[in-house]
Structure formats: structure tokens, C-alpha cells
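J.: The following block contains a protein sequence and its predicted model.
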Amino acid sequence: MSALAWTAVSSLAAWLWLLLAQGFFWRTDIRLPARRTPASWPSVALVVPARDEAAVLPLSLPSLLKQDYPGEARIFLVDDSSSDGTGELARALAGQHGGLPLTVTTPGEPPAGWTGKLWAVRHGIAEARSAQQPDYLLLTDADIAHEPDSLRELVAAAHGSGFDLVSQMARLRAASVWERLIVPAFVSFFAQLYPFRGIAVDGPRTAAAAGGCVLLRDEAAARARVPESIRHAVIDDVALARAVKSTGGRIWLGLADKVDSIRPYPRLGDLWRMVSRSAYAQLRHQPLLLLGTVAGLLLVYVVPPAGLVLALATGDGTAAWAAGLAWLVMTATYIPMLRYYRQPLRLAPLLPATAVLYLLMTVDSAVQHYRGRGAAWKGRTYARPDRTEPAPDQ
């Protein structure tokens with residue numbers, strides 16, 4: 001066989017392995033596990049870190065205030081040094097809408113060794129424990145909107161299936177042209193890296209969560225020393241899940257039906273910054289991992305369409321059928337995610353183009369890191385964990 005044919009066959013083999021041996025990552029039917037109504041509903045503290053979120057709070061915060069939860073529940077919104085009046089707006093919204101009790105607090109700037117979000121989460125958890133010593137913590141972002149029964153369903157699922165952590169990946173906005181092209185692929189890539197079915201299996205092999213919606217048993221948080229033990233993590237949701245699972249906790253992650261992200265990413269630049277700020281951190285800032293990732297993306301996503309075109313041009317029949325079949329498998333595995341996001345199926349064959357964009361975003365993430373501008377978000381830039389001054393144990 002020619003070199004082109006060998007490359008195309010290798011790509012096809014990779015896709016057959018992904019299709020059958022990577023936790024059926026392409027399936028989108030992973031929803032909340034079995035729910036059971038508790039005899040007595042546990043208390044819940046809803047912790048919301050918020051930095052400059054005045055634009056989205058009018059849509060997200062009322063959805064929390066209006067939660068139809070039978071037990072005791074309180075909201076702790078942590079204003080992370082906002083400059084747009086986030087805290088004042090939150091108080092005004094609570095006065096306007098009523099509902100669950102709301103406490104707005106400000107922890108000040110994070111000390112060395114802490115990311116801003118985790119410092120805010122730490123402060124919110126401390127406030128919650130001081131006020132009510134909750135049974136569960138709902139960690140949810142300020143740009144996440146919940147249906148009125150979302151909290152009740154989450155608690156019933158955790159109670160009914162015995163999970164210490166139940167997380168739902170919020171349905172991201174996919175309205176603009178760029179969002180439709182990139183967002184479903186982003187979730188598909190995440191599921192490919194962290195297959196949902198493997199996360200619920202006991203043992204440390206696969207652990208992940210979606211930071212926008214995490215229901216965490218307070219006992220499990222204390223046992224895992226969360227968030228102190230992950231205080232420097234830029235990808236805090238995955239680090240949180242690993243900390244809980246490594247200390248004996250049972251975790252679950254799936255797709256959401258009643259939890260939505262309302263943050264818009266209308267332009268390519270918005271999505272680029274969202275991905276590139278943490279892509280190199282996902283690779284632990286390792287150049288060899290970056291090279292391996294680039295090579296893997298090229299083999300898995302670029303070789304099928306490019307190989308098919310080259311094979312047809314050169315008359316290489318073996319390369320043509322292998323590359324074409326690999327592209328067909330890739331397209332088929334992407335269709336369930338497009339359906340979940342209610343997008344036209346004609347976008348499925350374009351997945352290789354989106355993968356190239358992600359490849360460029362990942363490389364840009366590394367470049368920005370070595371320029372000292374990596375992991376930048378809302379005015380803060382975070383260094384590698386081994387270059388930060390460790391925070392004292394709390």
C-alpha cells in the first residue's frame with residue numbers, strides 16, 4: 001500500500017476504536033440518573049461566583065430565586081471584585097422577584113495560588129456553612145439559567161442513586177453562525193475526552209464535571225478539601241471531580257435538559273478566547289502533549305477529507321475507501337450531538353473544519369502561555385501552578 005493509504009487506514013482504525021471503545025462518547029442519551037423523592041428534603045446552599053456579570057444576571061438569577069424546592073435552600077452570590085455593579089444588581093433582582101433568600105458577599109482579590117473563581121467559591125461555601133451547614137452545595141455559574149424544578153431533580157437524582165456529585169453540562173447557546181459551527185463540536189470533543197458513561201463507574205480512571213452546574217454533597221466536599229485542594233486549577237470542574245472521586249466519592253456527569261447557558265459568543269473571536277484560555281492548561285502545559293494533540297487531531301479529523309481528495313486525484317483506491325469510510329464514521333458520530341443542539345444535520349460533514357479551528361485555538365493557547373498571557377479571563381492571568389506561590393492550608 002502507498003503511504004497515503006497507510007495513513008488513511010490508520011485514521012479509519014482510530015475512528016473505529018473511538019466508535020466502539022471510547023465509552024460510546026457519541027451517545028447523547030446520558031440524562032439524570034434515577035430520581036427518588038427523599039423522605040425529608042436535604043438543605044441546599046446555592047453558591048454563585050460572579051465577576052462582571054451584570055449583563056446576564058437579569059436572566060439567570062431569577063431562575064434560581066424561583067426554584068421550586070421543598071426543602072431549605074439559600075443562594076449565596078459571591079461578587080468577585082466586579083466593576084459593573086453585579087452585587088447591587090443581584091440585590092435589586094432579589095427585591096424584585098422574591099423567592100429563595102439571597103446573600104450577596106464579596107471576598108476581595110484572591111491571594112497568590114488561588115484562581116479568582118475558586119477563591120469566590122471558597123468564600124461562598126464558608127458563608128453557607130456559617131449560615132445553615134447545608135447537606136448539599138449547588139455550584140452554578142452566573143450565566144446559567146435553571147428551570148424551576150432543576151434543583152429538585154438534581155437532589156432527587158443524587159439521593160436516588162447515591163452519588164456524591166451530580167453534574168449537568170448546560171446546553172450552551174447556539175444561535176449565531178459561529179456558535180452553531182463550534183459549540184456542538186466543543187461538547188462532542190469534551191465527551192470524546194471524558195466519556196460520560198465511564199465517569200459514573202467507580203474508580204479513578206475517568207473523572208470530570210461541568211462547572212456550570214455541580215450538585216455536591218457537603219460531606220464529600222469536606223473530605224476532598226474542596227476547593228482548597230484545587231485552588232490553583234484553571235480547569236476547575238475537572239479538578240473538582242477528580243478530587244471528589246479520588247477520595248472515594250461517587251460522581252455522575254451528563255447532558256442537561258433543564259439547565260442552559262445564556263452567555264452569548266456571537267463572534268469567532270469570542271469563542272476563540274473561550275477555548276484558548278484553558279486549552280494548553282488541559283495539556284498540563286507540556287509541549288510534547290501539545291505535539292501529540294496536534295498530530296492526533298490531524299490524523300483523526302483532517303486525514304479523512306484531505307486523504308479522500310488526494311486519493312481521488314491520484315487514483316489510489318485503497319486510500320479513497322479508507323479515508324471516505326473514516327469521514328463517514330466521523331460524520332455519523334457527530335449527528336446525535338447536532339440533534340441535541342437542534343442544529344441542521346448538514347453541519348455534520350463540516351466537523352473537520354471545526355477541528356482545525358480547535359487545533360489553531362490550542363496552538364494559540366500555548367503561544368499565549370509562553371508570552372505570559374495564558375489562562376487570561378476578565379482581567380486576570382494565571383501562571384502555571386508550579387510557578388505560583390502556594391496558598392496556606394485553610
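T.: Nice, I can see it.
J.: Quick check: which ranges of the stretch 1-150 of the chain have low pLDDT?
T.: Judged against pLDDT under 70, the stretch 1-150 of the chain has no low-scoring part.
J.: So what's the residue count around Glu219?
T.: Number of residues near Glu219 (other C-beta atoms under 10 Å) recorded here: 12. Where C-beta positions appear, they are placed from N, C-alpha and C, glycine not excepted.
J.: How about the one 10 residues further on?
T.: The tally of other residues near Ser229 (other C-beta under 10 Å) stands at 17.
J.: Would you check that it makes contact with Leu240?
T.: No: under the criterion of C-beta atoms under 8 Å, Ser229 makes no contact with Leu240, lying 9.2 Å away.
J.: What segments of the stretch 101-250 of the chain are strands?
T.: For the stretch 101-250 of the chain, the strands defined by DSSP state E, counting those that start in this stretch occupy 102-105, 136-140, 144-146, 165-171, 213-217.
J.: would you turn those into TSV with mean neighbour count?
T.: Conversion of the strands of the stretch 101-250 of the chain to TSV gives the following (neighbours: other C-beta atoms under 10 Å):
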stretch	mean neighbour count
strand 102-105	18
strand 136-140	26
strand 144-146	23
strand 165-171	26
strand 213-217	26
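J.: I'd like to know which of these lies nearest to Trp41.
T.: strand 136-140 (10.1 Å; C-beta to C-beta).
J.: and the gap between Arg36 and Val155?
T.: 10 Å (C-beta to C-beta, to the nearest Å).
J.: Ala21 now?
T.: Distance from Ala21 to Val155, by C-beta to C-beta: 34 Å.
J.: With Gly124 instead?
T.: From Gly124 to Val155 the distance is 18 Å (C-beta to C-beta).
J.: go on, Ala306?
T.: 49 Å.
J.: So between these two, which is more surrounded?
T.: More crowded of Ala306 and Val155, by other C-beta under 10 Å: Val155, with 26 against 18.
J.: ok, so what distance separates the closest residue to Ser81 other than its chain neighbours from Val177?
T.: Closest residue to Ser81 apart from its sequence neighbours, by C-beta to C-beta, 6 or more residues apart in numbering: Glu109 at 5.8 Å. According to C-beta to C-beta, Glu109 stands 38 Å off from Val177.
J.: returning to what we had before: quick one: the residue nearest to Ser81 from Val121, how far?
T.: Taken as C-beta to C-beta, the span from Glu109 to Val121 is 15 Å.
J.: Would you mind telling me which of these two has the busier surroundings?
T.: Legend: neighbour count by other C-beta under 10 Å for Glu109 and Val121, higher for Val121 (30 against 10).
J.: list the contacts for that one?
T.: 47, 49, 78, 139, 227 (C-beta atoms under 8 Å, 6 or more residues apart in numbering).
J.: Turn these into a markdown table, columns for distance to Leu328.
T.: What follows is the contacts of Val121, written out as a markdown table (distance: C-beta to C-beta, whole Å):
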| residue | distance to Leu328 |
| --- | --- |
| Val47 | 45 |
| Pro49 | 43 |
| Val78 | 48 |
| Leu139 | 40 |
| Pro227 | 44 |
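J.: Looking at these, which is nearest Leu100?
T.: Among the contacts of Val121, and counting by C-beta to C-beta, the member closest to Leu100 is Val47, at 12.7 Å.
J.: Can I take it that the closest one is in a strand?
T.: Yes: residue state for Val47 (DSSP: H, G, I helix; E, B strand; the rest coil) corresponds to a strand.
J.: beta partners for it?
T.: Applying DSSP bridges to Val47 yields these beta-bridge partners: Phe76, Leu139.
J.: Please give the centre-to-centre distance between the strand ranked longest in the chain and its chain.
T.: In the chain, with assignment by DSSP state E, the single longest strand is strand 251-261. Strand 251-261 sits 10 Å away from the centroid of its parent chain (C-alpha atoms, centre = their mean, to the nearest Å).
J.: helix or strand right after that strand?
T.: helix 268-282 (DSSP states H and E).
J.: Against which helices or strands is that next one packed?
T.: Here helix 268-282 touches helix 177-193, helix 351-370, going by 3 or more C-beta pairs under 8 Å, 6 or more residues apart in numbering; DSSP states H and E.
J.: quick one: contacts of it?
T.: Contacts of helix 268-282 (C-beta under 8 Å, 6+ apart): 178-179, 182-183, 186, 234-235, 264-265, 290, 358, 361-362, 364-366, 368-369, 374-377.
J.: rewinding a little: by how many degrees do the longest strand of the chain and helix 177-193 diverge?
T.: Following axes from the mean of the first three to the mean of the last three C-alpha atoms, to 10 degrees, one obtains 170 degrees for the angle between strand 251-261 and helix 177-193.
J.: Alpha carbons of the helix or strand that Ala13 is a member of, in CSV - could you do that?
T.: Following DSSP H and E, one finds Ala13 within helix 3-21. These are the backbone C-alpha positions of helix 3-21, laid out as CSV (Å, rounded to 0.1, in the frame of the first residue of the first chain):
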residue,chain,number,x,y,z
ALA,A,3,1.9,6.0,2.3
LEU,A,4,-1.4,7.8,1.7
ALA,A,5,-3.3,4.5,2.0
TRP,A,6,-1.5,3.6,5.2
THR,A,7,-2.3,7.0,6.7
ALA,A,8,-6.0,6.7,5.6
VAL,A,9,-6.2,3.2,7.1
SER,A,10,-4.7,4.4,10.3
SER,A,11,-7.3,7.2,10.5
LEU,A,12,-10.1,4.7,9.9
ALA,A,13,-8.7,2.4,12.6
ALA,A,14,-8.7,5.3,15.0
TRP,A,15,-12.3,6.1,14.2
LEU,A,16,-13.4,2.5,14.6
TRP,A,17,-11.7,2.5,18.0
LEU,A,18,-13.4,5.7,19.0
LEU,A,19,-16.8,4.4,17.8
LEU,A,20,-16.7,1.2,19.8
ALA,A,21,-14.1,1.5,22.6
